[in-house]
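Asker: predicted model and sequence follow; I will ask about them next.
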Amino acid sequence: MKEITIPTIEKIKIDEFQKDLVSWFLEEQRELPWRENKDPYRVWVSEIMLQQTRVDTVIPYFNRFVEWFPTLEDFANADEEKILKAWEGLGYYSRVRNLHNAVQEVKTSYNGVVPDNPEEISKLKGVGPYTAGAILSIAYGKPEPAVDGNVMRVLSRILMIYEDIAKPKTRKTFEAAVRKLIDHEHTSAFNQALMELGAMICTPGKPACLLCPVQSHCLAFEAGVQSELPVKIQKKKTRDVPIVAAVLTNEKGEFLIHKRASEGLLANLWEYPNFENHSSLLHKREFFESRFQEMYGVKPEITESLVRIEHVFSHLVWKVDTYNGVVKEAISEETLREQQLKWVSEAEMEELAFPVSHQKMMKAYKEKECIE
Ligand code: SF4
């Protein structure tokens, strides 16, 4: 493979850069639960969680996760309902399924030990170049790059790289940069320092250059162009999906819930009955009642409007008008089974995993936050 050259690297005094970056990290790093030790399983879990949300949000999820599944073996043996519950609210549920699948593979094919080389670790499901690099460098001290959006932002500024970071192939340029810059004695601290710098100081928008430990090495700072970088060309817009949903109860006070398909968006999570609504003819609640009857054979009574929720995915936005109501007639057992519907008590519902948007519906239901 052709070697990628980055001409601006020649301008960096690599030894001094490493020293300034690593010593700053060792002194200033935040105390985070996954930094307590270098167990590759914990590093792996934390890195997958951190790919989808902020550190502050991840901390309680991570703590609960390692309490429920303290070892790789415990997680490998867990059932799907429980792992989805552990991930409930974090989003991107395919990631926890891939993690589960990969951990089972480690248990069976690698004797329960996470592989310590790029070839084997990269074959595990859901382990892309970033996760592989993070585990290998943080847990095993290998000089591998772990390049995510944060690291690309930081290095695009330090090295004044104007490549579009929205393009997948640009990552290779930054991986080549890390391979040149990484401190072989402190691989874990070096990679984590780049991530930490991106999270705390070299942030999007206006970086806090006056506080930056590597300001004297930063070519963008020297040229005064740090706010122009990184170059990121916006992807095309997301698509809106109008949805009508309802929290429905029966005469026993049970809630009707639906299990999503086992493939695709939010697979296997539970939700309240809902339908995509592209009809402009019917009022939303009438649309819901008639569609529900068409699908499940009985007509619910919608009583009030609860809340409007917007939930943004990478490619679409759900715009959900939510109601509450009752179902007085019995839905046949056959329909319940075939349509993956279930009546559950509030306590039973708490054991199941719901997408964030549906958790918000229940919250609104409990608060009876009427908007009409
Ligand atoms: S000097 Fe500013 S732009 Fe350069 S790495 Fe530091 S915070 Fe980022």
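Answerer: That came through fine. Here the structure is a predicted model, which means the values were calculated and not measured.
Asker: poorly predicted segments of the stretch 1-150 of the chain, please.
Answerer: Where the stretch 1-150 of the chain drops to pLDDT under 70, the residues are 1-2.
Asker: repeat that for 50
Answerer: Regions of the stretch 1-150 of the chain meeting the criterion pLDDT under 50 are absent.
Asker: find the closest residue to the ligand in it.
Answerer: Closest approach of the stretch 1-150 of the chain to the ligand (C-beta to the nearest ligand atom) occurs at Leu21, with a separation of 9.5 Å. Placement of C-beta: from N, CA and C, glycine included.
Asker: write out the residues of the chain neighbouring the ligand.
Answerer: For the chain, the residues in contact with the ligand under the definition C-beta under 6 Å from any ligand atom are 154, 157-158, 201-202, 207-209, 212, 214-215, 218, 220-221, 226.
Asker: please redo it, this time with the cut-off set to 8 Å
Answerer: 153-154, 157-158, 197, 201-203, 207-209, 211-215, 217-218, 220-221, 226, 229 (C-beta under 8 Å from any ligand atom).
Asker: in helices, which of the residues you listed fall?
Answerer: Cross-referencing the residues of the chain next to the ligand against helices under DSSP state H gives 153-154, 157-158, 197, 220-221.
Asker: show the model's pLDDT score for the nearest residue to Ile6 once chain neighbours are set aside.
Answerer: Nearest residue to Ile6 in three dimensions, chain neighbours excluded: Ala177, at 5.4 Å (C-beta to C-beta, 6 or more residues apart in numbering). According to the predicted model, the pLDDT of Ala177 comes to 97.
Asker: for the one 4 residues further on, same thing?
Answerer: In the prediction, the pLDDT value recorded for Leu181 is 97.
Asker: what number of residues lie near it?
Answerer: A count of nearby residues for Leu181, using other C-beta atoms under 10 Å, gives 21.
Asker: name the nearest residue to it, ignoring sequence neighbours.
Answerer: Nearest one to Leu181, counting by C-beta to C-beta, 6+ apart, is Ile14 at 6.0 Å.
Asker: surely that neighbour touches Lys180?
Answerer: Yes. In this structure, Ile14 sits in contact with Lys180. The criterion is C-beta atoms under 8 Å, and the distance is 7.3 Å.
Asker: could you pull out the helices for the stretch 1-150 of the chain?
Answerer: Secondary structure of the stretch 1-150 of the chain, counting by DSSP state H, counting those that start in this stretch: helices at 14-28, 40-50, 55-68, 72-76, 80-87, 93-109, 118-121, 129-134, 149-158.
Asker: and Glu263, which of those is closest to it?
Answerer: Ranking these by distance to Glu263, with C-beta to C-beta as the measure, places helix 93-109 first at 9.8 Å.
Asker: which one is the residue sitting nearest the centre point of the chain nearest to, not counting chain neighbours?
Answerer: Geometric centre of the chain, nearest residue: Gln52, 2.4 Å, by C-alpha atoms, centre = their mean. Excluding its sequence neighbours, the residue lying closest to Gln52 (C-beta to C-beta, 6+ apart) is Tyr92, at 5.0 Å.
Asker: in this structure Ala353 contacts Glu80, no?
Answerer: No. With contact defined as C-beta under 8 Å, Ala353 does not reach Glu80; the gap is 9.3 Å.
Asker: the more surrounded of the two?
Answerer: In this view Ala353 and Glu80 are compared by other C-beta under 10 Å, and Ala353 has more residues nearby, 22 against 13.
Asker: mind checking how far that one is from the ligand?
Answerer: Ala353 is 39 Å from the ligand, where distance means C-beta to the nearest ligand atom, to the nearest Å.
Asker: ditto for Met152
Answerer: The span separating Met152 from the ligand equals 12 Å under the rule C-beta to the nearest ligand atom.
Asker: would you confirm that that residue contacts Pro230?
Answerer: Yes. The pair Met152 / Pro230 is scored as a contact, 5.9 Å apart, by C-beta under 8 Å.
Asker: overlap in contacts of those two?
Answerer: Taking C-beta atoms under 8 Å, 6 or more residues apart in numbering as the contact definition, Met152 and Pro230 share the neighbouring residues Ile165.
Asker: who has more neighbours, those two?
Answerer: Higher neighbour count among Met152 and Pro230: Met152, with 25 against 21, using other C-beta under 10 Å.
Asker: got a list of what that one touches?
Answerer: The contact partners of Met152, taken as C-beta under 8 Å, 6+ apart, are 165, 170-171, 174, 230.
Asker: next, count neighbours for the residue lying closest to it once chain neighbours are set aside.
Answerer: Nearest-residue entry for Met152: Ile165, 4.6 Å, with adjacent residues in sequence omitted and distances by C-beta to C-beta, 6+ apart. A total of 23 residues lie near Ile165 under the criterion other C-beta under 10 Å.
Asker: same thing with Ala189?
Answerer: Per other C-beta under 10 Å, the neighbour tally for Ala189 reads 22.
Asker: over to Thr303?
Answerer: The local packing of Thr303 (other C-beta under 10 Å) involves 15 other residues.
Asker: quick check on it: phi, psi?
Answerer: Dihedral angles phi and psi of Thr303 (degrees, to the nearest 10) take the values phi -100, psi -40.
Asker: how close does it get to Phe275?
Answerer: Between Thr303 and Phe275 the distance, using C-beta to C-beta, to the nearest Å, works out to 18 Å.
Asker: Ala177 too?
Answerer: Applying C-beta to C-beta, the value for Ala177 to Phe275 is 49 Å.
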